[in-house]
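Colleague: please find the sequence and the predicted model below.
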Amino acid sequence: MPKLNLAVYWTAACGGCDVSILDIDEKILQVGELANIVLWPLAADGKYEDVEKMEDGAIDVCLFNGAIRLSEQEEMARLLRRKSKILIAYGSCACFGGIPGLANFFTKEEIVDRVYKDTPSTDNAEGMVPLATVQVPEGELSLPEFYNDVFTLPQVVEVDYYIPGCPPPVDLIVRAIDAIATNKLPPKGTVIAGQKALCHECGRVKEDKKVKEFKRPHEVEVDPEKCLLEQGIICCGPATRGGCGGRCTGVNMPCRGCFGPAAEVLDEGAKMVGAIASIIDSADPEEIKKINKMIVDPAGTFYRFGLPNSMLRRKRKEGKVS
Amino acid sequence: MNTEFEPKIVGILCNWCSYTGADLAGISRIKYSANVRIVRVMCSGRVDPTFILKAFQEGADGVLVSGCHPGDCHYVDGNIKAMRRAPLITELLKQMGIEEERYKLVWVSASEGDKFARIVEEMVATLKKLGPFKPQGGVKKYA
Ligand code: SF4
Ligand code: SF4
Ligand code: SF4
């Protein structure tokens, strides 16, 4: 079998996804045997011009991690889409917006002001902010445009497969590599993970659906056997796609939702509201309000990894409330 | 031409009390604004929070959910389930920049046609003051 041309690229990302590919240990040798790495800014080389010079479809597989916020990222997404036979959205940022997607709770202006003017450690008396273009004696300098919103990769280009996770776990990467190596790829559009919600694969005992108090994990002594949600700890398992094997719930930490919404879930926030309401042990409106108030930052918690992919996609700009 | 803003309200009403109540308003010729588009469900407990987000995503200016009074639910406690969801829905909407007045959960019995009409009128007035709701999320930049 001829070697595959592999590209790995990052946009609005933290670098963790790139590192997760290196985490596959000796399997990386299989990747080396299987593939020529034609572009991987973090670990190998490859210049953009070299990619531009390639024939369309010359890259067999591109693992693309990161969300899209800058015009340069959009250009690279379009370029790599054109050059790649298989484009894989790799990691929560590319699939759903991920942590960078939380910026959709703010406007572009709020972000620029915060970063360049308002942080306590900022000393910027002239109030300088980056501009898309600036004139200098030598001519015009330009920076990529900073968009108003964060987008997911599939909102920008067509994606063939999704590997979720922040970052994706080793066994899913290995599963994808094996599928590519043996040419047994699933139907286009498949999310390479579980289909049902994480609760289905969680070994914790679920029985006592009565909660009068919600607490954050550091405020309780966690029972290692019992469902975390039923202990009053907000666990996003009911709304989140399984397939991670309970990486967090297995070590007494609630699921934060990095695998994105389960196959049948349209909006993880709406699903979590339903799941939480179903365990509240009260029929008294005032008490119900009090119990709900204990949930700190519900939108940020439920959409932690997927605000740009959620039904409302971002905080409304002209909304009169905070 | 006078083009006053006419808010669109999606009214999700339970079959047993509120829908009958709205129907009674109609039969009794009690006038209420034509701004509400009614969706009949069997129980307010059936109103998945996804429906509410969906209504806003599709451009509703307000969402009114109505069920039987607590204690009167045809399915015993479906409306209590709706009640348990309401505060968190409001909070979530607020965080998404959607004013809390745009979503309302109320109790209307089969005999309260006049009450239903009043609730609709009040909500229309509030929404007129708030102005139209433009969904920013549903529309993707890249079609
Ligand atoms: S998905 Fe997680 S690990 Fe991957 S780039 Fe985004 S934040 Fe980093
Ligand atoms: S809510 Fe969390 S702890 Fe409970 S069953 Fe689901 S995944 Fe497990
Ligand atoms: S338990 Fe949840 S947050 Fe943790 S890895 Fe699995 S899907 Fe991600």
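Modeller: Yes, it's here. Ligands and ions are numbered 1, 2, ... in the order given.

Colleague: going forward, measure contacts between C-alpha atoms and count neighbours the same way
Modeller: OK.

Colleague: got the residue ranges for the helices in chain B?
Modeller: For chain B, the helices defined by DSSP state H occupy B:18-27, B:49-57, B:78-95, B:113-130.

Colleague: around ligand 3, which positions in chain B sit nearby?
Modeller: Taking CA under 6 Å from any ligand atom, no part of chain B reaches ligand 3.

Colleague: the bottom helix or strand of chain B by mean pLDDT?
Modeller: helix B:18-27 (a mean of 89; mean pLDDT, DSSP states H and E).

Colleague: return the nearest residue of chain B with respect to ligand 3.
Modeller: For chain B, the residue closest to ligand 3 is B:Leu92, as judged by CA to the nearest ligand atom, at 20.3 Å.

Colleague: where does chain B dip in pLDDT?
Modeller: Chain B contains residues with pLDDT under 70 at B:1-2, B:136-143.

Colleague: kindly report the residues of the stretch 201-322 of chain A close to ligand 3.
Modeller: A:Cys244, A:Gly246, A:Arg247, A:Cys248, A:Thr249, A:Cys255, A:Arg256, A:Gly257, A:Cys258, A:Phe259.

Colleague: who wins for neighbours among the residues you listed?
Modeller: Counting neighbours by other CA atoms under 10 Å in any protein chain shown, A:Phe259 leads those with 32 neighbours.

Colleague: ok, back up a step: would you mark the buried spots in the least confident helix or strand of chain B?
Modeller: For helix B:18-27, the neighbour count (16 or more other CA atoms under 10 Å in any protein chain shown) marks B:Ser18, B:Tyr19, B:Thr20, B:Gly21, B:Ala22, B:Asp23, B:Leu24, B:Ala25 as buried.

Colleague: center of the chain - which residue?
Modeller: Here I'm looking at chain A. Geometric centre of chain A, nearest residue: A:Ser92, 2.1 Å, by CA atoms, centre = their mean.

Colleague: quick one: that residue and A:Gly246, what's the gap?
Modeller: A:Ser92 sits 16 Å away from A:Gly246, taking CA to CA, to the nearest Å as the criterion.

Colleague: also A:Glu225?
Modeller: A:Glu225 is 13 Å from A:Gly246, by CA to CA.

Colleague: next: A:Ser20.
Modeller: 17 Å.

Colleague: picking up where we left off before, what helices or strands is the least confident helix or strand of chain B leaning on?
Modeller: helix B:113-130 (3 or more CA pairs under 8 Å, 6 or more residues apart in numbering or on different chains; DSSP states H and E).

Colleague: from the contact counts, what lies against the helix it packs on?
Modeller: helix B:18-27.

Colleague: okay, the helix it packs on in PDB with CA atoms only?
Modeller: Coordinates of each C-alpha in helix B:18-27 appear next as PDB, following Å, rounded to 0.1, in the frame of the first residue of the first chain:
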ATOM      1  CA  SER B  18     -55.000  25.700  29.000                       C
ATOM      2  CA  TYR B  19     -56.000  24.700  25.500                       C
ATOM      3  CA  THR B  20     -59.600  24.300  26.600                       C
ATOM      4  CA  GLY B  21     -59.200  27.600  28.400                       C
ATOM      5  CA  ALA B  22     -58.000  29.300  25.200                       C
ATOM      6  CA  ASP B  23     -60.800  27.700  23.300                       C
ATOM      7  CA  LEU B  24     -63.300  29.000  25.800                       C
ATOM      8  CA  ALA B  25     -61.900  32.500  25.300                       C
ATOM      9  CA  GLY B  26     -62.600  32.000  21.600                       C
ATOM     10  CA  ILE B  27     -66.100  30.500  22.100                       C
END
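
Colleague: now the residue of chain B closest to ligand 3: how far from A:Val273?
Modeller: 9 Å.

Colleague: for A:Gly243, same thing?
Modeller: 22 Å.

Colleague: got it, and A:Asn183?
Modeller: In terms of CA to CA, A:Asn183 sits 41 Å off from A:Val273.

Colleague: those two - which one has more neighbours?
Modeller: A:Val273 (25 against 9).

Colleague: please, which helix or strand holds that one?
Modeller: helix A:268-277 (DSSP states H and E).

Colleague: quick one: stretch A:251-266 to chain centroid distance?
Modeller: Relative to its chain's centre, stretch A:251-266 lies at 11 Å (CA atoms, centre = their mean, to the nearest Å).

Colleague: coming back round to it: so which of the helices of chain B is the most surrounded?
Modeller: Ranked by mean neighbour count under mean count of other CA atoms under 10 Å in any protein chain shown, these are led by helix B:78-95, which reaches a mean of 24.

Colleague: residues contacting A:Ala270?
Modeller: B:Asp48, B:Pro49, B:Thr50, B:Leu53, B:Ile89 (CA atoms under 8 Å, 6 or more residues apart in numbering or on different chains).

Colleague: just the residues contacting the lowest-mean-pLDDT helix or strand in chain A, thanks.
Modeller: Using mean pLDDT, DSSP H and E, the weakest-scoring helix or strand in chain A turns out to be helix A:27-34, at a mean of 80. Residues from elsewhere that reach helix A:27-34 (CA under 8 Å, 6+ apart): A:Lys3, A:Leu4, A:Ile21, A:Leu22, A:Val174, A:Ile177, A:Ala181.

Colleague: if you set the cut-off to 7 Å instead, what comes out?
Modeller: A:Lys3, A:Leu4, A:Leu22 (CA atoms under 7 Å, 6 or more residues apart in numbering or on different chains).

Colleague: narrow those to those in strands?
Modeller: Among those, the members found in strands (DSSP state E) are A:Leu4.

Colleague: only the buried subset of the contacts of helix A:27-34, as a ChimeraX command please.
Modeller: Here is the ChimeraX selection string for the buried members of the contacts of helix A:27-34, based on 16+ other CA under 10 Å:
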select /A:4
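
Colleague: filter the contacts of helix A:27-34 by proximity to ligand 1?
Modeller: Applying CA under 6 Å from any ligand atom to these, none is adjacent to ligand 1.

Colleague: now, among the contacts of helix A:27-34, which is nearest to ligand 2?
Modeller: Nearest to ligand 2 among the contacts of helix A:27-34: A:Leu22, at 28.1 Å, using CA to the nearest ligand atom.

Colleague: mind listing what the closest one touches?
Modeller: A:Ile28.

Colleague: let me see the contact set for the closest residue to ligand 2 within the stretch 1-150 of chain A.
Modeller: Minimum separation of the stretch 1-150 of chain A from ligand 2 (CA to the nearest ligand atom) falls at A:Ser92, amounting to 18.2 Å. Under the criterion of CA under 7 Å, 6+ apart, the contact list for A:Ser92 reads A:Gly98, A:Pro164, A:Gly165, A:Cys166, A:Cys258, A:Phe259, A:Phe305.

Colleague: let's see 8 Å
Modeller: Residues counted as contacts of A:Ser92 (CA under 8 Å, 6+ apart) are A:66, A:98, A:163-168, A:258-260, A:305-306.
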